[in-house]
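In: build me a model:
(chains A and B)
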Amino acid sequence: DAGITQSPRYKITETGRQVTLMCHQTWSHSYMFWYRQDLGHGLRLIYYSAAADITDKGEVPDGYVVSRSKTENFPLTLESATRSQTSVYFCASSELFGISGPFYNEQFFGPGTRLTVL
Amino acid sequence: GENVEQHPSTLSVQEGDSAVIKCTYSDSASNYFPWYKQELGKRPQLIIDIRSNVGEKKDQRIAVTLNKTAKHFSLHITETQPEDSAVYFCAASLQGAQKLVFGQGTRLTINP
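Out: Just a heads-up that it's a prediction; the model follows:
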């Protein structure tokens, strides 16, 4: 599972500060995703990317910004952190397999970043 | 858009008994249904998935069933063991779409 890593693993910040969470994968997967995990809500998609320089909003994008200049990196930025953004953030990646057969959707998750906004 | 509901939110079973977790989805075009297991403090990991062209899939002690007409699918774990204790998430997507919509999760506890 060293193929997808996240940093930092733990972060405490204050309301109003900018925070960037990093995600790096070594598989050259085309797709990358950012989720937040909160009790009672499961995993909610924030943003995703189908390739370098292609990003799209997920279910809960407000307050977040992403970029993907390189295939292997997909940073998530909280431009002005709020307490409601306290959460565990997971990055994931996946690829389309099978040119002629069924596509394969398994998403591989990073270890997560626990973010606390005071 | 797709919406996935998962029940129950918590489930406690005796070791050796079976556990069943159920999910419903809203978009009839969804055709890929994975299940992820997340142990305490760990990342979610795929344990089994099913595509809409089959009704059931088994892998040792775990199985998933799909009812496309009713738009629901279930995870069955037989002969439960302590290591099955975890949070389980169902999800749905259009095959090839890569974007998954997850259920809220079920915390499964296996009592010795």
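In: so which elements touch the biggest strand by length in chain A?
Out: The residue-count maximum for a strand in chain A (DSSP state E) belongs to strand A:42-51. Counting contacts by 3 or more Cβ pairs under 8 Å, 6 or more residues apart in numbering or on different chains; DSSP states H and E, strand A:42-51 packs against strand A:31-38, strand A:54-57, strand A:64-66, strand B:101-102. Heads up, the C-betas are built off the backbone N, CA and C, glycines and all.
In: that one to strand A:31-38, inter-axis angle?
Out: Between strand A:42-51 and strand A:31-38, the angle comes out at 160 degrees (axes from the mean of the first three to the mean of the last three Cα atoms, to 10 degrees).
In: within the sheet, what are the partner strands of strand A:42-51, with directions?
Out: Strand pairing for strand A:42-51, using DSSP bridges, gives strand A:31-38 (antiparallel), strand A:54-57 (antiparallel).
In: contact partners of the last one?
Out: To tie it back to what came earlier, the one meant is strand A:54-57. A:47-50, A:66-68 (Cβ atoms under 8 Å, 6 or more residues apart in numbering or on different chains).
In: chain B contacts on chain A?
Out: A:1, A:31, A:33, A:35, A:40-45, A:48, A:50, A:58-59, A:90, A:94, A:96, A:102-103, A:105-107, A:109-112 (Cβ under 8 Å from any Cβ of the partner chain).
In: PyMOL command to pick out the buried ones of those?
Out: Applying 16 or more other Cβ atoms under 10 Å in any protein chain shown to these leaves a buried subset, and the PyMOL line that selects it is:
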select buried, chain A and resi 31+33+35+42+43+44+45+48+58+59+90+94+96+103+105+106+107+109+110+111+112
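In: who touches the strand or helix carrying B:Ile50?
Out: According to DSSP states H and E, B:Ile50 maps onto strand B:45-51. For strand B:45-51, the surrounding residues in contact (Cβ under 8 Å, 6+ apart) are A:102, A:105-107, A:109, B:31-38, B:56-57, B:59, B:62-66, B:73, B:75, B:88, B:95.
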